[in-house]
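**Student:** Turn this into a structure:
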Amino acid sequence: MTAVLEISGLRKTYRGRKGVRKALDGFDMVVEAGQVHGFLGPNGSGKTTTLRTLLGLIKPNDGRMTILGQEVPRHLPQVAGLVGAIVESPQFFGNFSAETTLSLLADAGGVNPHRVPAVLELVGLRDRAKDRVKTYSLGMKQRLAVASALLKEPKLLILDEPANGLDPGGIREMRTLMADLAASGMTVLLSSHILGEIQLICDSVTIISAGRRVAAGSVSEVLASHTSATVKVRLEPGVDLPGAVAILRAAGAVIPSLEKDHFTVGNATNPAQITKLLAEKQIYVSELTPVSADLEDVFLKLTGTAPVDGANRQVDQVAAETQGGWGQ
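**Tutor:** Purely as a prediction, here's the structure:
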């Protein structure tokens, strides 16, 4: 696949009263053509700095960036007409209607005015096109911002938190829109804190923390690289759970915790061995379920932004306690 966006060794530092702060510290990213690419990171990780640097709004200290094969910011004027972007919270004149706002933007950018009703339809604002923007909800303003970014039919669409302020229905519509745009051949770079949506819609992701890339690849690859052989075990009602755990631990199983009605085995490379060992003691398994990481698990682990808890987050603890597998 062809890379629409490439960033290599990007660095940006700021000097303040507390000394030098590294906003970007050798950051790398590649976005392939026709994909919806998720750009993830906690607040202060360097996401917005990266996007602003790409668009020529911030000058980097070092690194190389290309958009559609053209090095930027040097050749940004040549590719600017092929890039649509929303970075941070968009601002509009409240007394103008959405239709007027987009018409003015189209005129300023030399865009065919017939694009205005088309993009209003795309983002679901056709019925409110003549209403003043100050009457819009936050979510509707977000849709208007997306519409403005789509005016020139860009090849690369960069969206910073486009689902901000949207209700669940609006988030679903935005997800459908992103998928439709990618299916039409557009490449979408999507920054968002809604990790469940990123996992649903994105083909690939880049995760940034403290100005550095900490993970990148297809969503399935990133998840697979942080999933271990952990299974949840539930037994028949009335069975002595501590007794079953003792049997498995004696055989080498790593069981980090015992819950009220189930437990997890962290090194179960051959889950059938669990059933076999317990059945030999007349203890029968009613549920044996693989525990896989989701994008939130991976994000929290890599960025260290929150404590790891719950059954799905025992993977990290297990990995630290055991080398290799059990029950092979």
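
**Student:** What sits closest to L258 if chain neighbours are left out?
**Tutor:** Using Cβ to Cβ, 6 or more residues apart in numbering and skipping the chain neighbours, the partner closest in space to L258 is V245 (5.7 Å). Where you see a C-beta, it was placed from the backbone N, CA and C, and this is true even at glycine.

**Student:** neighbours around the one you found, how many?
**Tutor:** 17 (other Cβ atoms under 10 Å).

**Student:** K47 now?
**Tutor:** By the criterion of other Cβ under 10 Å, K47 has 24 neighbours.

**Student:** Tell me the predicted confidence for it.
**Tutor:** With respect to pLDDT, K47 scores 93.

**Student:** M29 is in contact with that one, correct?
**Tutor:** No. Using Cβ atoms under 8 Å, K47 is not in contact with M29, being 10.5 Å away.

**Student:** list residues touching both of those two?
**Tutor:** Jointly contacting K47 and M29 under the rule Cβ atoms under 8 Å, 6 or more residues apart in numbering are F39.

**Student:** Return the residues in contact with the nearest residue to K152 once chain neighbours are set aside.
**Tutor:** Nearest residue to K152, sequence neighbours excluded (Cβ to Cβ, 6+ apart): V111, at 5.2 Å. Contacts for V111 (Cβ under 8 Å, 6+ apart) come out as 105, 151-152.

**Student:** would you turn those residues into CSV with distance to R212?
**Tutor:** Formatted as CSV, the contacts of V111 follow (distance: Cβ to Cβ, whole Å):
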residue, distance to R212
L105, 36
L151, 35
K152, 33
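
**Student:** For these, point out the one with the lowest pLDDT.
**Tutor:** Minimum pLDDT for the contacts of V111 is recorded at K152 (92).

**Student:** For it, give its distance to L144.
**Tutor:** 16 Å (Cβ to Cβ, to the nearest Å).

**Student:** Same question for S209.
**Tutor:** From S209 over to L144 (counting by Cβ to Cβ), the distance is 32 Å.

**Student:** Look at the two and report which has more neighbours.
**Tutor:** L144 (23 against 19).

**Student:** what about the more buried one, which helix or strand?
**Tutor:** Assigned by DSSP states H and E, L144 belongs to helix 138-150.

**Student:** quick one: buried residues of that helix?
**Tutor:** Along helix 138-150, these residues count as buried under the neighbour rule (16 or more other Cβ atoms under 10 Å): 139-150.

**Student:** Closest one of these to I67?
**Tutor:** If you rank those by distance to I67 using Cβ to Cβ, A149 comes first, at 14.8 Å.

**Student:** Skipping adjacent residues, who's closest to the closest one in space?
**Tutor:** A149 sits nearest to G84 (Cβ to Cβ, 6+ apart), 3.6 Å away.

**Student:** The one you found contacts A147, doesn't it?
**Tutor:** No. If you go by Cβ under 8 Å, G84 and A147 don't touch, sitting 9.9 Å apart.

**Student:** Could you name every residue contacting both of these two?
**Tutor:** With Cβ under 8 Å, 6+ apart, G84 and A147 have no common neighbours.

**Student:** residue ranges for the strands of the stretch 101-250 of the chain, please.
**Tutor:** 156-160, 187-191, 204-209, 212-218, 231-235 (DSSP state E, counting those that start in this stretch).

**Student:** And the average pLDDT for the last one is what?
**Tutor:** Averaged across strand 231-235, the pLDDT comes to 91.

**Student:** Next: the first one.
**Tutor:** Predicted confidence along strand 156-160 averages 94 (mean pLDDT).

**Student:** can you list the domains in the protein?
**Tutor:** Structural domains assigned to the chain are 3-218, 231-321, following automatic domain parsing.

**Student:** Just name the most buried of the ones you listed.
**Tutor:** domain 3-218 (a mean of 18; mean count of other Cβ atoms under 10 Å).

**Student:** the bottom helix or strand of the chain by mean pLDDT?
**Tutor:** For the chain, counting by mean pLDDT, DSSP states H and E, helix 314-321 ranks last in confidence among helices and strands (a mean of 37).

**Student:** tell me the contacts of D25?
**Tutor:** 11, 46, 210-212 are the contacts of D25 under Cβ under 8 Å, 6+ apart.

**Student:** first vs last residue of stretch 242-258, how far apart are they?
**Tutor:** 8 Å (Cα to Cα, to the nearest Å).

**Student:** quick revisit: okay if I get the buried residues of helix 138-150 as a markdown table plus distance to A216?
**Tutor:** Below are these laid out as a markdown table (distance: Cβ to Cβ, whole Å):
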| residue | distance to A216 |
| --- | --- |
| G139 | 30 |
| M140 | 34 |
| K141 | 32 |
| Q142 | 27 |
| R143 | 29 |
| L144 | 32 |
| A145 | 27 |
| V146 | 25 |
| A147 | 30 |
| S148 | 29 |
| A149 | 24 |
| L150 | 27 |
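
**Student:** No further questions, thank you.
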